[in-house]
Structure formats: structure tokens, C-alpha cells
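Peer 1: Let's see this in three dimensions:
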Amino acid sequence: MVASIVVIIHPQKGSKFCLGSLSGCLTNIVRSFHSKGPPPSPLSVMQSSRRNDLSFTGTMFFCSCRLEAVEPTLNKKVHGQCTKDALQLVTWARSYVEDYYHANGSTERPLPQTSVNPTRWTHPAAGHYKLNVDAALDCTKGLVGIGAIIRNHQGEVLGALANKLDGTMSVVEAEAVALLRILKWAKDVGVPIDAIEIDALSMLTLYSDRECCLSQLKGLLLDINILLSSFLGVSLVHVRREANNAAHGLARFSLRINEELVWLDSIPPPIVSVVLME
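Peer 2: Take a look at the predicted model:
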């Protein structure tokens, strides 16, 4: 979504952003070739860029918007021809990226998995970080509560977030919006997430279906996929509600707050007992 805004409202900034992202990847390749050792693999290049550069998928989205959609639109405007509106440009660019996925198989889309222990939260492996996400709905007031928590292999909280959104949504749409918002936040926090657990089976089923025809969700799912590609090797896991109690508690709590709350290196007060018991 941010990509859409940058390249359409500020095409020059979008162009610089694209070139900067590509330049970062090329710089890592050049450095690797000048260093002693074997030539770099594509994976090693992306790993060295995981925090500072856009993923290949995200960069391609920027480039497709800027080079294939924005430039022709600007040219048509100069010559007095009809131009596409912003929504058409974004839709075209998303379609371009989707065509890339179809042409290159499913290697860039983490497939949802079923947890081996779905009734209780489990610690990630040593040195790994797990993100739990959930959404809660208040249909009478038209509110969506979002909750997320990041923990390490010792169960220590590295970060947590509670936020409330206005809007009437379906359960599936609310879960997708929650995951997208939390992925953006996790990327900003800078923790290399290894596993993401949510209890939204319907949303994960749609995410794994490349032929999903729900137009209102297709854009959200594509944005989620672009952000997921920023976390190399991440797994997207479905668990039961019992294994997602901490995130669920924060999501329910979020329905009663007036502004976004973030905790770093501390347990959020609303879910202290839940976290300590897990």
C-alpha cells in the first residue's frame, strides 16, 4: 500500500526508491565478489539485505508501478491523451506481480502449515523469534482490535502491539488487515521473525489459493505476500485459539483503547498472567 502511494503521488521519489533498493542489492553482490571466498548465491545476497533493502518482490512492485505504469501515464498527460486513475495503476502493478508468481511457481509464497502442537503456545528454537497475531471484532460498534506479540526461545517478550481500527469488516478481512498491519510493524521493529502464528484458518486458506477471486481481499493478500518476503525463511503457521491466547488477549483489549499502544522488552499489563503461564 505504501508503494502504491509513493509511486503515484511522488513518481520522482518512487523512482529514487526503486533505484536505491536495487542499488543496495547490487552493492552487496559487488562486495561479495571483492571479498575472499566463493561467489555469492542469490539467497546470501538477500540475507545480507534483509533489514536495509526491499525484498526482490517489493522492489519489483515499485518498479512495475513506476516504469510500466506511471511513466506512460505522465507521457499521455503531457500529450493531452487519457490517463489511468490511481486505482487503475495500482491494480495493474499488482496484476504484474501476480503474473510473476504464476510464471515462477510457489517458491516465494510461504505456504500455511498446521502447528504440531495446536493446543498450547510453544517456544521457538534457540535463536529464533515467533510472532503471534490476532484480530477481534465488535460488530455493533464497527471496530476491529489488533493484537500481536513477539517472543524469543526463552519466552521473553521483545515487542507487543495493540491497536484499534474503525470499520465494518468480515472476520477474514479483519484477520488479513491485522496481519498486514503487524507485518509492517514487525519490519519497523527490525526483529528477524522466523515463525508467524495465527488462528485464522479461513484467511490462510485464501492466502494459499493463488486463484482467489475475492477482489476485496486480493489486494490485501498480495500486500501481505510482499511484506512476508522481507522475512527470509519465515513460516506462516495456523494454530488453535488456545495456542494464540496472548495475541487474542491483546486484540480484545484493543477494542477498549483510543490509540495504538506498543511495548518493547516488557510484558503488556493486560496479558501478564497469560504470558507468564506460557
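
Peer 1: so where's this protein uncertain?
Peer 2: Along the chain, the model assigns pLDDT under 70 to residues 1-118, 210-216.

Peer 1: What ranges does it have for its helices?
Peer 2: Ranges of helices in the chain, per DSSP state H, are 2-9, 11-34, 42-48, 56-63, 71-78, 86-103, 171-189, 201-208, 215-228, 245-254, 272-277.

Peer 1: The nearest residue to residue 202 once chain neighbours are set aside: what's it in contact with?
Peer 2: Distance criterion Cβ to Cβ, 6 or more residues apart in numbering; nearest residue to residue 202, sequence neighbours excluded, is residue 172 at 5.0 Å. Any C-beta I mention is one placed from the backbone N, CA and C, and that applies to glycine too. By Cβ atoms under 8 Å, 6 or more residues apart in numbering, the contact list for residue 172 reads 200, 202, 203, 206, 217.

Peer 1: Over to residue 162?
Peer 2: 145-147, 250-251, 253-254, 257, 260-262, 268, 270.

Peer 1: What is the burial count for residue 155?
Peer 2: By other Cβ atoms under 10 Å, the residues close to residue 155 number 14.

Peer 1: Look up phi and psi at it.
Peer 2: phi 80, psi 10 (degrees, to the nearest 10).

Peer 1: What distance do you get for it to residue 125?
Peer 2: For residue 155, the distance to residue 125 equals 13 Å [Cβ to Cβ, to the nearest Å].

Peer 1: Quickly list what residue 136 is bridged to.
Peer 2: Under DSSP bridges, the beta-bridge partners of residue 136 are residue 145.

Peer 1: Tell me how many other residues surround the nearest residue to residue 148 once chain neighbours are set aside.
Peer 2: Nearest residue to residue 148 in three dimensions, chain neighbours excluded: residue 182, at 4.2 Å (Cβ to Cβ, 6+ apart). Counted with other Cβ under 10 Å, the neighbours of residue 182 add up to 27.

Peer 1: ditto for residue 197
Peer 2: Neighbours of residue 197 (other Cβ under 10 Å): 23.

Peer 1: Was I right to think it contacts residue 240?
Peer 2: No: using Cβ atoms under 8 Å, residue 197 makes no contact with residue 240, being 10.0 Å away.

Peer 1: Phi, psi for residue 240 please.
Peer 2: phi -80, psi 160.

Peer 1: how far away is it from residue 221?
Peer 2: Counting by Cβ to Cβ, the gap from residue 240 to residue 221 is 23 Å.

Peer 1: Of these two, which one has the most company?
Peer 2: Neighbours were counted for residue 240 and for residue 221 using other Cβ under 10 Å; residue 221 has more, 23 against 15.

Peer 1: if I look at the more buried one, how far off is residue 133?
Peer 2: For residue 221, the distance to residue 133 equals 15 Å [Cβ to Cβ].

Peer 1: And for residue 121?
Peer 2: Taken as Cβ to Cβ, the span from residue 121 to residue 133 is 13 Å.

Peer 1: got any residues that touch both of these two?
Peer 2: Residues within reach of residue 121 and of residue 133 at once, by Cβ under 8 Å, 6+ apart, are residue 197.

Peer 1: re earlier: output the contacts of residue 172 as CSV; include the columns distance to residue 137.
Peer 2: Shown next, in CSV, are those (distance: Cβ to Cβ, whole Å):
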residue, distance to residue 137
200, 12
202, 13
203, 13
206, 17
217, 16
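
Peer 1: Can you tell me which of the residues you listed are buried?
Peer 2: The neighbour count (16 or more other Cβ atoms under 10 Å) marks 200, 203, 206, 217 as buried among those.

Peer 1: Spatially nearest residue to the second one (excluding sequence neighbours)?
Peer 2: Leaving aside its chain neighbours, residue 203 sits nearest to residue 175 (4.2 Å; criterion: Cβ to Cβ, 6+ apart).

Peer 1: Who are the contact partners of residue 253?
Peer 2: Taking Cβ under 8 Å, 6+ apart, one finds 145, 147, 162, 268, 270, 271 in contact with residue 253.

Peer 1: please redo it, this time with the cut-off set to 6 Å
Peer 2: Contacts for residue 253 (Cβ atoms under 6 Å, 6 or more residues apart in numbering) come out as 162, 270.

Peer 1: Alright, that wraps it up for me.
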